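Asks: structure of the sequence below:
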Amino acid sequence: MKKHIPALLLALCLLLPLPAQAAQAAGFTRSRTYAGEFSDLSPGSPFYGNVAALYEYGLANGKGDGTFGPGDSVTVGQAVIFAGRIRSLYQTGAPEAALAYRREAAPAALAYLRYLQAEGALEVDFLDGGLELYEPATRAQAAHILAGVLPEEALPSVHDELVTVGYSSRRFIPDVDEYTPYYQDILSLYRKGVSAGSDASGSFLPGAPITRGALAAMLTRMLDPALRVQPQWDLSGLYAAAGTTLADLVEPGTYSLAPSTAEELESSLRSMLARGSDQIVFYYPGISEEDARRLMDQSLAVMKAHCEQGYNEVRCTRGAGLVTLAFSAAGAGRRTQEYRAAAMEAAIAVHDQLWAGGTLRPGMTDLEKARVYYSWICGNCVYDYQAGDDSLSHIPYSLFVNGSAVCDGYTGAYNLLLKLEGISCSTVIQKDHIWTTAVLDGVEYHIDPTWGDSGREVSYDYFAMTLQQSQEVHAKQSA
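Replies: Next comes the predicted model:
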């Protein structure tokens, strides 16, 4: 074992004591300026800024020959020493609190290990016996040693959703999974801006030996928020809606042959929409003309609640006790499915463009996303004052393709975009007006993009209204 001790002594030679100073909430203090002290380090060297910063923080003094050795491997013990000094500096303002744990003739790294264990930064059985202190540290081991050194307030998680989404997609950090040693600690470094991986996909190389340059990068990112990194991953493809159908946007219902309640009728019609069908058959022997008309009106009310589907007209045929309802868009006739498909294609294009362009981003709340779509709707449509009952302006197609609509076209298009985000929404229907209700971040809001687009500028007075606010403004406008 003695032949390994010089490697640990070398680590101590690389570390200079810092003058005692209080740790500051905003970070740590650099005590000196790097001026080319390492002969093997130039401004073009990998990790140049991090190695220079490590020197300026007083945590590295280089080797006896005046080099730093950024490509050299690091032992577990050396990584522990660096971690212990940072913990001590944060806790006490001085880097050597760990030396109080040193026993006679014991290697210094063991004292730093005991100190980190006493601080709760490493578990008490980590490296039990200390034999691994002399072995080259893997990148996974380094992640574990560093993960608990600083508390959340000093090293907060700032990329939670980006890392969670990227990792869970399996497109990023592909060489780490739940079977990787210390995988949670590795992910923590990404979330905190301490690591962004070694390639475009964010690979961590957990089993590879960690080099002195790479360790310097991790250490200095812990100390200086300005050095922390954000993974430059394009997640827009993960949010692409290509291939989504109108049927996919409907919560499937249960078909009843003869619905006897409004709930059963609504569930039956949802089952039709979820199948991608535009017809449904019920069995009502002896149904009267009046009851058939009532059934049609009730069914159309359900379609208006799902106005993004582009149906606003129904035909009824009866025979042998069977009642068949066939839905279409007024003024579209046999081209209804063509218009519905075109509206869906256009909505997907808007959705994907907003994501690809960065207007929509990971981490945004439902409320923020809904506001983006509200702005887009109001900025890309004009109210069609010439629309008659058979106008296509009553369906989403007209807004997306023609840039004009009336309230049910506005609402249908808006709801279609929200549902592409997985946001639950429906409609409120008055005598001659319709608008959206949506659940955003667990709270129900009323949103009226039609009235939001009633002036020269977008009005957000009609965005994210409470029920009371919605009742007041709609009652006032209807008076």
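Asks: next one: residue 173 from residue 358, what distance?
Replies: 22 Å (Cβ to Cβ, to the nearest Å). No exception for glycine: its C-beta is placed from N, CA and C like everyone else's.
Asks: who's more crowded, those two?
Replies: residue 173 (27 against 9; other Cβ atoms under 10 Å).
Asks: so how far is residue 302 from that one?
Replies: From residue 173 to residue 302 the distance is 45 Å (Cβ to Cβ).
Asks: what's the answer for residue 65, then?
Replies: Residue 65 is 81 Å from residue 302, by Cβ to Cβ.
Asks: more crowded one of these two?
Replies: More crowded of residue 65 and residue 302, by other Cβ under 10 Å: residue 302, with 21 against 8.
Asks: number of nearby residues for residue 398?
Replies: 27.
Asks: got the contact list for it?
Replies: 384, 391-392, 404-405, 409 (Cβ atoms under 8 Å, 6 or more residues apart in numbering).
Asks: what does residue 414 give?
Replies: 373-374, 377, 436, 447, 449.
Asks: just the element for it, please.
Replies: If you go by DSSP states H and E, residue 414 is part of helix 407-420.
Asks: I'd like the next helix or strand past that helix.
Replies: Next helix or strand after helix 407-420 toward the C-terminus (DSSP H and E): strand 425-429.
Asks: so what secondary structure elements neighbour that next one?
Replies: Packing partners of strand 425-429 (3 or more Cβ pairs under 8 Å, 6 or more residues apart in numbering; DSSP states H and E): helix 289-305, helix 407-420, strand 434-440.
Asks: may I have the shortest one exported as CSV, CA atoms only?
Replies: The C-alpha trace of strand 434-440 is given here as CSV (Å, rounded to 0.1, in the frame of the first residue of the first chain):
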residue,chain,number,x,y,z
ILE,A,434,-68.9,30.7,-27.5
TRP,A,435,-65.5,30.7,-25.7
THR,A,436,-63.1,28.4,-24.0
THR,A,437,-62.8,27.0,-20.5
ALA,A,438,-59.4,25.3,-19.8
VAL,A,439,-57.7,23.7,-16.8
LEU,A,440,-54.3,25.3,-16.5
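Asks: quick check: buried residues in it?
Replies: 434-438, 440 (16 or more other Cβ atoms under 10 Å).
Asks: now do the strands in the stretch 151-300 of the chain.
Replies: Per DSSP state E, counting those that start in this stretch, the stretch 151-300 of the chain carries strands over the ranges 279-283.
Asks: picking up where we left off before, distance between the helix holding residue 414 and the chain's centre?
Replies: Helix 407-420 sits 23 Å away from the centroid of its parent chain (Cα atoms, centre = their mean, to the nearest Å).
Asks: check stretch 44-54 too.
Replies: For stretch 44-54, the distance to the chain centre is 31 Å (Cα atoms, centre = their mean).
Asks: check which residues of that stretch are buried.
Replies: Neighbour counts over stretch 44-54 (16+ other Cβ under 10 Å) mark 45, 47-54 as buried.
Asks: now swap in stretch 112-121 and tell me
Replies: Neighbour-count burial for stretch 112-121 [16+ other Cβ under 10 Å]: 112-117, 119, 121.
Asks: and if you look at stretch 234-254?
Replies: Using 16+ other Cβ under 10 Å as the test for burial, stretch 234-254 gives 235-236, 239, 241, 246, 249-250, 253.
Asks: also stretch 257-265?
Replies: Using 16+ other Cβ under 10 Å as the test for burial, stretch 257-265 gives 259, 264-265.
Asks: and that stretch, average pLDDT?
Replies: The average pLDDT within stretch 257-265 is 97.
Asks: what's the closest residue to residue 132 other than its chain neighbours in contact with, if anything?
Replies: Leaving aside its sequence neighbours, residue 132 sits nearest to residue 76 (Cβ to Cβ, 6 or more residues apart in numbering; 5.2 Å). The contact partners of residue 76, taken as Cβ under 8 Å, 6+ apart, are 109, 127, 132-137, 141, 145.
Asks: ok, residue 113 touching residue 133?
Replies: Yes - counting by Cβ atoms under 8 Å, residue 113 touches residue 133, with 7.2 Å between them.
Asks: shared neighbours, the two?
Replies: Common neighbours of residue 113 and residue 133, counting by Cβ under 8 Å, 6+ apart, are 77, 80, 127.
Asks: who wins for most neighbours among these?
Replies: The shared contacts of residue 113 and residue 133, ranked by neighbours (other Cβ under 10 Å): first place residue 80, 33 neighbours.
Asks: is that one in a helix, a strand, or coil?
Replies: Of the three states, residue 80 takes helix according to DSSP: H, G, I helix; E, B strand; the rest coil.
Asks: surely it touches residue 142?
Replies: No - the pair residue 80 / residue 142 is not scored as a contact, 9.8 Å apart, by Cβ under 8 Å.
Asks: ok, how many other residues are close to residue 337?
Replies: Neighbours of residue 337 (other Cβ under 10 Å): 15.
Asks: tell me which helix or strand it sits in.
Replies: Per DSSP H and E: helix 336-356 holds residue 337.
Asks: what mean pLDDT does the helix holding residue 414 get?
Replies: On average, helix 407-420 scores 98.
Asks: contacting residues around residue 233?
Replies: Contacts of residue 233 (Cβ under 8 Å, 6+ apart): 162, 166, 171-172, 201-202.
Asks: pLDDT weak spots in this protein?
Replies: Residue ranges of the chain with pLDDT under 70: 1-27, 128-131, 478-479.
Asks: which residue is nearest the middle of it?
Replies: Geometric centre of the chain, nearest residue: residue 362, 3.4 Å, by Cα atoms, centre = their mean.
Asks: tally of neighbours for the residue nearest to that one when sequence neighbours are not counted?
Replies: What sits nearest to residue 362 in space, not counting adjacent residues and going by Cβ to Cβ, 6+ apart, is residue 161, at 4.7 Å. The local packing of residue 161 (other Cβ under 10 Å) involves 13 other residues.
Asks: start the count at 59, not 1, going forward
Replies: Taking 59 as the first residue, the last one we looked at is residue 219.
Asks: between the buried residues of stretch 292-312, which is nearest residue 530?
Replies: Nearest to residue 530, judged by Cβ to Cβ, of the buried residues of stretch 292-312 is residue 307 at 31.0 Å.
Asks: now the closest one: how far from residue 420?
Replies: Distance of residue 307 to residue 420, computed by Cβ to Cβ: 22 Å.
Asks: do residue 237 as well
Replies: Taking Cβ to Cβ as the measure, residue 237 falls 26 Å from residue 420.
Asks: now the farthest one out in the protein, which residue is it?
Replies: The chain, farthest from centre, Cα atoms, centre = their mean: residue 344 at 55.1 Å.
Asks: can you name the residues that contact the nearest residue to that one once chain neighbours are set aside?
Replies: Of all residues not flanking residue 344 in the chain, residue 379 sits nearest, at 7.3 Å (Cβ to Cβ, 6+ apart). Applying Cβ under 8 Å, 6+ apart, we find residue 379 in contact with 341-345.
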